[in-house]
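Asker: What follows is a predicted structure for the sequence shown.
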Amino acid sequence: MTNNQIVKVQNINKIYGKRNEKKYQALKDIDFSVQKGEFIGIMGASGSGKTTLLNMLSTLDKPTSGHIYINEQDITQLKKNQMADFRGREIGFIFQDFNLLENLSCRENIALPLSLQNVSSKEIKPKVQKIATKLGISQILDKYPSEISGGQKQRVAASRALVHEPSILFGDEPTGALDSKSAKELLNTMQQLNEEDAVSILMVTHDAAAASYAQRILFIKDGEIHRELKRGQNSRSDFYQEIIQTLGTYEQ
Amino acid sequence: MLFKLALSGLKSRFKDYLVLFSGLIVTSAIFYMFLSLSTNPEFLKQNTTISIIGVVFIIGDILLALITLVYIIYANSFLLSMRQRDYGLFMMLGAKSSKIGNLIFVETLFLGILATVVGLVIGVFATQGVANLLISNLSLSINGFIGFHMPAILWTMAFFFVLFLFAALFNRIKLSVIPILSLLKSNEKPVKYRRNPVLIFAQFILGLIALIVGYYAMNNIMILKTDGFWLALIGVVVGTFLLFKSIFGVVIDILRQSNRVKYRNLNNFTINQIKFRITEYTRILTVVSILFAMAVGAITVSLSMRTLTFTNSENLAYYDTAIYSEKDSVKKAVAKLPIEDETTFHYKVEGSTIYALSDELNTLPMKMKTPDNKVTSYSGDSSKNSVNDLITSAYNNLHPKNELFASSKDVNYQYVNRSTFNTIPVTQHSVQLIKTVGGIRENLSSLNALNQLQNATPSLGLDVMTQAQVGGQVINYYQLFNSTYSGFQFMGIFLGVAFLTMLASILIFKILSGAHQDKKRYEMLDKIGTRRSVMTRSIAKELAVLFVLPALVGLTHMLFGLKLFQVTMIPQIYGTVVVPVTIFLTLYFLYYLLTFFIYRSIVLRKRK
């Protein structure tokens, strides 16, 4: 494994069902890696296994066999508390439904990962301010999630995911609950973070428009990596057409 | 089909239902137990020498009924919070709202009736058990108290049936009024956080004034009389409510100002959970703190009545007991007593004349207590009346069938010197007065046993009051007071424990009915990498605040409230406060632990 790989997935399998029950293999021999600073998309229909894969990557679930390395650490070997700490330190997570704590203000929501790592309160404030400015939400920091729009909520969630400078940002359909304008703005911001700050991003989506922001896309079907698309020097709209075509071939 | 669906929903949340169901069972059992006392004329007649206790029990009934009502309201809201999402789903799938209404109506009523019946069965056995336990442990004299009492069963059933009927009707109406969407999204209601600081300040000032008025009224109950009682009640309730509404929110805001506290671990989350709860919990925290005060108060008063029984009896006589029986068993028992002071008088009875020794009266004066609790000695003629009474009672007990002495009217007393005394040709009897080392507090059981030995033959059907006056010693007065106060004590402890059970259950239900909403928050915290131990600590802290706040406020109320009893009945009441408070806090702590474990099992389900 070279130092350039931030995520390395080695032959992971996930089989559901206990000994005497009917078995169901959700993931079959998945094997891929993510380079440092890469923006990668994972696409697939419902039930294809993409959420299962993301759960493994984010230590919320364990594979039946195989290994996952994130930042050179085998996360399949971690114990419970280590997994929690790992999630808190190395991973940033944006969810479809934001997952903001509605009883905390935006500022407090963003500060939470730092508080959990016992960062001193003096350091917390400027860090929150910095990431909020970058994501354009410094005006609404003292509002509560119920007082802001969906697009703003997702920016707050993104700030919370990035404030502790994680090794990689995971997105689980981050634009799924947003209107098209907010979705576009969020994706532009993500691309900007990727290009300017070299944030590694892995995003799961079934929306071709969202996926076209990535540099590389893995298509998952029935638990297997079916195909890989690279954007290369293509423009985003060309890449979008290519994705649509690829999805079309799936239909047949 | 819908009924089957509802039943399966019930099965899937069996654990939550178990909490609800056992709570309801305990309530109906407690209600039955108390009613079985207060509707049992045998029990009341046998255990009361004063008519006021009937009134006291009726007040107890009303209080218990009110608290049961509050309790059912919270239990019902817990039930509704569990079910409304399921029912919203059924309605979305096309079930008519009237049908759903009928379903929740039947479910509530069925659950209620089942809980009442089971509670009654438990109540019958528990009544018997508790009665035996209390009577043997506290040596209370309580008679005619049996487990099964038909009128109490009927009353309990009627009361609970009416309550659940209303609860069922309420649920039915509520479900048919709320739109389907808000049923489905009942977990996602936005919460308001911002409040007007001027309003909070006004509430704080008003609450403080109300509380001061309430406490003042309790302190000056002798001047204000009944008005003071009402003033105290209203002042304390209103004051507590406004206090919870204003001040604790402010304290939390101050706490949030400190970044060092705020940005540490989950502190911020915990503080906000508490803040959110306190605004939401104002009413329930008020109810709980008042119930807390009443429960500890009731137990303290009961226990201090026990001390009161001792001191009152000790104040009325100098000697602990009088020995007149000549039985061997009595003599053996007397030999075992640690004697501090004693006097023996001799007498003879011939016809209707009693002869006593005048020499003895002059040389061995009989000691007595004055009204201001000092010891005086009577000697010579001045003491004749007490000695007469003493000898009469001794003779009555010795020869209970002798009608001549049933009343002392026709008895003729003669005081003679020793030589004359010796010439009277009948057997000589004696009365021995004994004061023991440590008195009745140390030797209660042996003194009681001795009295029973002497009174083996029922003495002329005299009631306890006359017996005490005729017997005239500390142990006789103790038995009189004990029989008077036993009913009070029993009721106090009973109501105290009942209040504790209910206040804690109310708190549990309120906290648990919010647990399903909180679950989502803990799932989020888990996803962003919070250790389980950190979340567990946060839960423990949050629940601790919710338990400690009403306890603190309740204890303060109680300490002021005891003043009522200090000036009217029990001057030394503050001396006995430590034991009941300790016992009570221990039980309360166990409730806290129970809530903590149930809540944690709901919000932090184990990951597979």
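Answerer: That came through, no problem.
Asker: From here on, just use CA atoms for contacts and neighbour counts.
Answerer: Fine.
Asker: Just to check, B:Phe547 is in contact with B:Tyr592?
Answerer: Yes: assessed by C-alpha atoms under 8 Å, B:Phe547 is found in contact with B:Tyr592 at 6.9 Å.
Asker: Need the overlap of contacts for the two.
Answerer: Residues touching both B:Phe547 and B:Tyr592 (C-alpha atoms under 8 Å, 6 or more residues apart in numbering or on different chains): none.
Asker: Now do the residue nearest the centre of chain A, the pLDDT please.
Answerer: When C-alpha atoms, centre = their mean is applied to chain A, the residue found nearest the centroid is A:Phe170 (1.4 Å). Note on A:Phe170: pLDDT of 92.
Asker: Mind telling me what element the residue lying closest to B:Asn102 once chain neighbours are set aside is part of?
Answerer: Take B:Asn102 and drop its neighbours on the chain: the residue closest to it by C-alpha to C-alpha, 6 or more residues apart in numbering or on different chains is B:Arg172, 6.8 Å away. Per DSSP states H and E, B:Arg172 falls inside helix B:150-177.
Asker: Up against chain A, what does chain B have?
Answerer: Residues of chain B lying close to chain A by C-alpha under 8 Å from any C-alpha of the partner chain are B:190-191, B:259-260, B:263-266, B:268-269, B:272-273, B:276, B:521, B:524, B:526-532.
Asker: From those residues, list the buried ones, please.
Answerer: Among the residues of chain B next to chain A, those buried by neighbour count (16 or more other C-alpha atoms under 10 Å in any protein chain shown) are B:263-266, B:268-269, B:272-273, B:276, B:521, B:524, B:526-532.
Asker: quick one: the residue of the stretch 451-600 of chain B found nearest chain A from B:Asn422, how far?
Answerer: In the stretch 451-600 of chain B, no residue comes nearer to chain A than B:Gly529, which is 4.1 Å away by C-alpha to the nearest C-alpha. Using C-alpha to C-alpha, to the nearest Å, B:Gly529 is found at 102 Å from B:Asn422.
Asker: ditto for A:Ser159
Answerer: According to C-alpha to C-alpha, A:Ser159 and B:Asn422 sit 112 Å apart.
Asker: what about those two, which has more around it?
Answerer: With neighbours defined as other C-alpha atoms under 10 Å in any protein chain shown, A:Ser159 and B:Asn422 compare such that A:Ser159 has more, 30 against 14.
Asker: which residues touch stretch B:326-337?
Answerer: With C-alpha under 8 Å, 6+ apart, stretch B:326-337 has contacts from B:Thr436, B:Ser446, B:Leu450, B:Leu453, B:Gln454.
Asker: can you tell me which of these are in strands?
Answerer: Members of these lying in strands (criterion: DSSP state E): B:Thr436.
Asker: Which of the contacts of stretch B:326-337 fall in helices?
Answerer: Members of the contacts of stretch B:326-337 lying in helices (criterion: DSSP state H): B:Ser446, B:Leu450, B:Leu453, B:Gln454.
Asker: residue contacts, the third one?
Answerer: Which is B:Leu453. Contacts of B:Leu453 (C-alpha under 8 Å, 6+ apart): B:Ser329, B:Val330.
Asker: Report whether stretch A:45-62 contacts chain B.
Answerer: Yes: contact of stretch A:45-62 with chain B (C-alpha under 8 Å from any C-alpha) involves A:Leu60.
Asker: Next, the buried residues of that stretch.
Answerer: Residues of stretch A:45-62 classed as buried by neighbour count (16+ other C-alpha under 10 Å): A:45, A:48-62.
Asker: what are the ranges of the strands in chain A?
Answerer: A:5-16, A:24-35, A:39-43, A:65-70, A:73-74, A:91-94, A:168-172, A:200-205, A:216-221, A:224-230.
Asker: Go through these and name the closest to B:Pro571.
Answerer: Closest approach to B:Pro571 among these is made by strand A:91-94 (66.1 Å; C-alpha to C-alpha).
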